[in-house]
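Engineer: please work out how this folds:
(4 chains)
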Amino acid sequence: MNSPSPAPPFLLAKADAFITWAQKNSLWPFGSGLACCAIEMIATAAARYDISRFGMELFRASPRQADLFIVAGTVTNKMAPVVRRLWEQMADPKWVVAMGNCAVSGGPFPTYAVLQGVDKVIPVDVYISGCPPTPQGLLHGLITLQKKIARGRPTQEILNPDAR
Amino acid sequence: MMSPWLADGLIPLAKILAVILYPMLMVIVMIWLERRVVAWIQGRVGPNRVGYQGILQPFADAVKLFFKEDIVQRRADRFLFNISPVLVMFSTLLAFCFLPLGESFRIGDYTLNLWVARSPVGLLLVLGLSSISVFGVIFGGWASNSKYPLLGALRSVVQVLSYEIPVGLTVLTVVFLARSMDLVRIVERQQESGVWYGFLLPVSFLVFWISAIAETNRAPFDLPEAESELVAGYHTEYSGMKFAFFYMAEYAHMVLASSLVVILFFGGWLPPFPGLKAFAFLGAIPGFIWYLVKIMFFLYLYVWIRATFPRYRFDSLIRLVWKWLIPLSLVNFLVVVGLRYLL
Amino acid sequence: MTFAIFLLFALMAVFSAVMVITRTNAMHSVLYLAFTVLSVAGVFFTLQAEYLGAVQILVYGGGIVVLYIFVIIIVNLDEVVAERRKLVPKIFIFAWPSLLALQVGTVVFLNRPAARPGPEGGLEFRALAEMLFTSYALPFEIAAVLLLAVLIGAVFVARRRLSRGPD
Amino acid sequence: MVPIDAVFALGIALFVLGLFGVLFRKNLVVMLMSLELVLNGLNVILAGLGFHLRSPRGSIFAIFVILMAVAEAAVGFALILSYFRQKKTYDIDKLNELKG
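Structural biologist: Numbers count the residues shown, from 1 in each chain, chains lettered A, B, ... in the order given. You can find the predicted model right below:
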């Protein structure tokens, strides 16, 4: 999706708009709190910030049913294979948000035990900085992700899945 | 005079279409209602970005799930894995065929019945068909070839089969008063006696309602899907549209249970106070609107209970049914029969 | 019309019955057994035995078949039981039920009763209930006692023998 | 209107299929399932006769057969479970202790 492909025909463009509308408005996150950022993620779901306004309050416990992997917290080297595996168990289309400095780049832990950024094991769509990011920060990241999803062309991926 | 092909061909077809669309519509309303009401109870806002007050949220979810990848694990039993969501959905929708939506009325010289099928044993059939959905749950859990789905499926079956007993025993009291298992007839009998059976049989209603919550695997009895212990229960390995089938079937089951409660205990499509002349003006509102209002009230009660009570532990769940509900419903049955003959 | 529906259910019943006895996976057999039970319930409906159909769905579908599933899950083994016995000659296996079927068929077809118009409401639910609780009250009670005995017997046979101590 | 011959044909077909299952299969659980087929075939014939003779007796007999099937299934499963605890298999051919 990096290079802009030629504009799709009218019907496909409408279908794209419809599917991406559905996808961006019903991002079900995977309940994946790894460290202290999880507290902020939970705060985002709670009354004051209320992630459910965007239809995202259905935190799924099963990766098969989730669309959004919020990597909330420090990914240790021990946890990295698990994170990778959970990401692989998620059903396409799926998106990843690296929440907090640890998930983005290892943060304050430049040590042998900590993975220096979760993008070393799984592809990340949106990075949110902060230690930890505030709920406003997470919501901003999620809205950014919604904008990115709205630019997607799901029909292209359905019609020729090999091109991905 | 209506042409026969319209009466014999088109109207049954339209009814069959309606009996598929009506539960789906109720499911969509129910999903939206649940998310908004739970949010409201918790001091949040709830989905409000898609459509007016977020009413299109269930549509967005459905479309998204439709375009999601459909994962079948390598070690899963493909045949059973694929067929079980269909089984769950099929049995629930089939049960809807026997639910009357209102009294029949006449258009010209054609009598339009607001039900697809009417049977003298309609009540038994609805109970039987709704218990068939257990197949889908247990086959899905077993075919996933994974431990949490299997545990969730076993829990679900034990729970549903145990709670079937108090349901049967309390339904017997209603049948005893109405002298019929025909759902239409039961409502008509309530009209004749001038009182909803819920007020005559409060214990039956309570036991039936608790069991109905447990049979639909809803909080506080949602042990089969307890995400803190079992990930997502019997549908852990399902993704995309198959998961949506399980999800929708669960809500359709709730609509079915609410409809049954309304028909058996709250007078179906009858307006309130069917016996009192002073309230006869309430009959001006069509029957199925009363019916829908009552169903919505019980669906709201489902959500209210979910947002209020913590989840049961599994052993206390089973203890509740075997040590409290079944003896209670047995005694209730004896008391109802005894009073009926003494008074 | 009724006959067409009957044929549909009958074909479904026979097809799934064949599948029940030919699947090597016991779980698939149970699924097809459920289909057979439901189609037979449909056959009962076409034969105006509505109460029987409802009982079939409730008791067979909701009870017995679920019991089968439970037993298969409890005694779940990876072992596939080798099918087809070798000790009995194959010809005998085929011949005996076929002969029996032929015999039953001829007896039944030759002695089939003439259709009796009878009272129209003869199959009503009420008539069934009245007959069940008057003429057949004694068998009904005996069946109840049988079920009680079965309940106790099944629990007794299947219980874990705790006296031997933990394994 | 369903002709009685068709009902007999269906009942006999289910009966014979069940019989085949009992004779062919070695898996105890599948054998019990085939027994259920036999009983179902019987019930079909009983219901058909009741329909044909306009009498509720067919249904009543079939209900007793279903009751018996419940009893049979319960005891059968109890036996299978205790057998399985001892043998760790449900192959019918391993059930041969009494053979000389």
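
Engineer: so, low pLDDT: which residues of chain D?
Structural biologist: D:88-93, D:99-100 (pLDDT under 70).

Engineer: can you give me the strands for it?
Structural biologist: Under the criterion DSSP state E, chain D contains no strands.

Engineer: can you tell me the closest non-neighbouring residue to residue B:92?
Structural biologist: residue B:252 (4.7 Å; Cβ to Cβ, 6 or more residues apart in numbering or on different chains). Placement of C-beta: from N, CA and C, glycine included.

Engineer: report the separation between the nearest residue in space to residue A:101 that is not next to it in sequence and residue A:97.
Structural biologist: Nearest non-adjacent residue to residue A:101, counting by Cβ to Cβ, 6+ apart: residue A:107, 3.4 Å away. Taking Cβ to Cβ, to the nearest Å as the measure, residue A:107 falls 15 Å from residue A:97.

Engineer: more neighbours, these two?
Structural biologist: residue A:97 (24 against 21; other Cβ atoms under 10 Å in any protein chain shown).

Engineer: still on that earlier bit, A strand includes the residue nearest to residue B:92, no?
Structural biologist: No - Residue B:252 is assigned helix when assessed by DSSP: H, G, I helix; E, B strand; the rest coil, not a strand.

Engineer: over to the residue nearest to residue A:101. Which of the three states is it?
Structural biologist: Strictly by three-state DSSP, residue A:107 counts as coil.

Engineer: next: residue B:221.
Structural biologist: coil.

Engineer: what does chain A put close to chain D?
Structural biologist: Within chain A, not a single residue sits near chain D (Cβ under 8 Å from any Cβ of the partner chain).

Engineer: thought residue B:49 was touching residue A:52?
Structural biologist: No - counting by Cβ atoms under 8 Å, residue B:49 stays clear of residue A:52, with 9.8 Å between them.

Engineer: which of the two has more residues huddled nearby?
Structural biologist: residue A:52 (24 against 18).

Engineer: ok, now how distant is the more buried one from residue C:148?
Structural biologist: Residue A:52 is 53 Å from residue C:148, by Cβ to Cβ.

Engineer: could you do residue B:63 as well?
Structural biologist: Distance from residue B:63 to residue C:148, counting by Cβ to Cβ: 54 Å.

Engineer: who's more crowded, the two?
Structural biologist: Neighbours were counted for residue B:63 and for residue C:148 using other Cβ under 10 Å; residue B:63 has more, 18 against 10.

Engineer: doesn't that one fall inside a helix?
Structural biologist: Yes - according to three-state DSSP, residue B:63 belongs to a helix.

Engineer: identify the residues contacting it.
Structural biologist: Counting by Cβ atoms under 8 Å, 6 or more residues apart in numbering or on different chains, residue B:63 touches A:18-19, A:21-22.

Engineer: which one among these gets closest to chain C?
Structural biologist: residue A:22 (33.5 Å; Cβ to the nearest Cβ).

Engineer: report pLDDT for the closest residue to that closest one other than its chain neighbours.
Structural biologist: Leaving aside its sequence neighbours, residue A:22 sits nearest to residue B:63 (Cβ to Cβ, 6+ apart; 3.5 Å). Looking at residue B:63, its pLDDT reads 87.

Engineer: can you list the residues of the stretch 101-250 of chain B near chain C?
Structural biologist: Proximity of the stretch 101-250 of chain B to chain C (Cβ under 8 Å from any Cβ) is limited to residues B:119-121, B:124-125, B:127-129, B:131-132, B:134-135, B:138-139, B:142-143, B:150, B:154, B:157, B:161, B:164, B:181.

Engineer: the same query, at a cut-off of 10 Å, please.
Structural biologist: Residues of the stretch 101-250 of chain B lying close to chain C by Cβ under 10 Å from any Cβ of the partner chain are B:117, B:119-135, B:138-139, B:141-143, B:150, B:153-154, B:157-158, B:160-161, B:164, B:168, B:179-182.

Engineer: ok, residue 84 - contacts?
Structural biologist: All of this is about chain A. Counting by Cβ atoms under 10 Å, 6 or more residues apart in numbering or on different chains, residue A:84 touches A:75, A:118, A:120-122.

Engineer: could you do chain B instead?
Structural biologist: B:77, B:133, B:135-144, B:153, B:234-235, B:238, B:242, B:245-246, C:31.

Engineer: can you check residue B:56 too?
Structural biologist: A:21-22, A:25, A:55, B:28, B:32, B:47, B:49-50, B:63.

Engineer: and the spatially most central residue of chain A, what pLDDT?
Structural biologist: Closest residue to the average C-alpha location of chain A: residue A:96 at 2.6 Å, with Cα atoms, centre = their mean. In this model, residue A:96 is scored at 91, pLDDT.

Engineer: you'd agree it is up against residue A:125?
Structural biologist: Yes - counting by Cβ atoms under 10 Å, residue A:96 does reach residue A:125; the two are 5.5 Å apart.

Engineer: joint contacts of the two?
Structural biologist: Contacts common to residue A:96 and residue A:125, judged by Cβ under 10 Å, 6+ apart, are A:68-69, A:119, A:145.

Engineer: how about those residues, which pair is most distant?
Structural biologist: A:68 and A:119 (15.8 Å; Cβ to Cβ).

Engineer: these two: which is more packed in?
Structural biologist: Between residue A:68 and residue A:119, residue A:68 has the larger neighbour count (other Cβ under 10 Å), namely 23 against 17.

Engineer: hang on, the earlier thing: could you check the distance from the residue nearest to residue A:101 over to residue B:187?
Structural biologist: 65 Å.

Engineer: do residue B:231 as well
Structural biologist: As defined by Cβ to Cβ, residue B:231 lies at a distance of 42 Å from residue B:187.

Engineer: quick one: contacts for residue B:339?
Structural biologist: Residue B:339 neighbours (Cβ under 10 Å, 6+ apart): residue B:200.

Engineer: which phi and psi does it have?
Structural biologist: Per-residue torsions, residue B:339: phi -60, psi -40 (degrees, to the nearest 10).

Engineer: and if you look at residue A:98?
Structural biologist: phi -90, psi 110.

Engineer: so what pairs up with it in the strands?
Structural biologist: Under the criterion DSSP bridges, residue A:98 forms beta bridges with residue A:71, residue A:127.

Engineer: that one: what's it in contact with?
Structural biologist: A:37, A:69-72, A:75, A:104-105, A:117-119, A:122, A:124-129, A:141.

Engineer: what's the closest non-adjacent residue to residue B:43?
Structural biologist: Using Cβ to Cβ, 6+ apart, the nearest residue to residue B:43 is residue A:47, at 4.3 Å.

Engineer: name the SS class of the one you found, please.
Structural biologist: Per three-state DSSP, residue A:47 ends up coil.

Engineer: where in the stretch 101-250 of chain B is pLDDT low?
Structural biologist: Using pLDDT under 70, the stretch 101-250 of chain B drops low at B:108.

Engineer: so which residues of it form strands?
Structural biologist: With DSSP state E, counting those that start in this stretch as the definition, the stretch 101-250 of chain B shows strands at residue ranges B:105-107, B:110-112.

Engineer: and chain C, by the same measure?
Structural biologist: Going by DSSP E, chain C shows no strands.

Engineer: so which residues of it form helices?
Structural biologist: Assigned by DSSP state H, chain C shows helices spanning C:2-22, C:26-46, C:50-55, C:65-74, C:90-110, C:125-133, C:137-158.

Engineer: check which residues of the last one are buried.
Structural biologist: Of the residues in helix C:137-158, those scored as buried under the neighbour-count criterion (16 or more other Cβ atoms under 10 Å in any protein chain shown) are C:139, C:143, C:146, C:150, C:154, C:157-158.

Engineer: same check on stretch B:221-235?
Structural biologist: Here stretch B:221-235 shows B:221-227, B:230-235 as buried, counting by 16+ other Cβ under 10 Å.

Engineer: can you put the residues you listed in a markdown table and add distance to chain A?
Structural biologist: Below are the buried residues of stretch B:221-235 laid out as a markdown table (distance: Cβ to the nearest Cβ, whole Å):
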| residue | distance to chain A |
| --- | --- |
| B:221 | 18 |
| B:222 | 12 |
| B:223 | 14 |
| B:224 | 13 |
| B:225 | 9 |
| B:226 | 9 |
| B:227 | 4 |
| B:230 | 8 |
| B:231 | 5 |
| B:232 | 4 |
| B:233 | 9 |
| B:234 | 11 |
| B:235 | 8 |
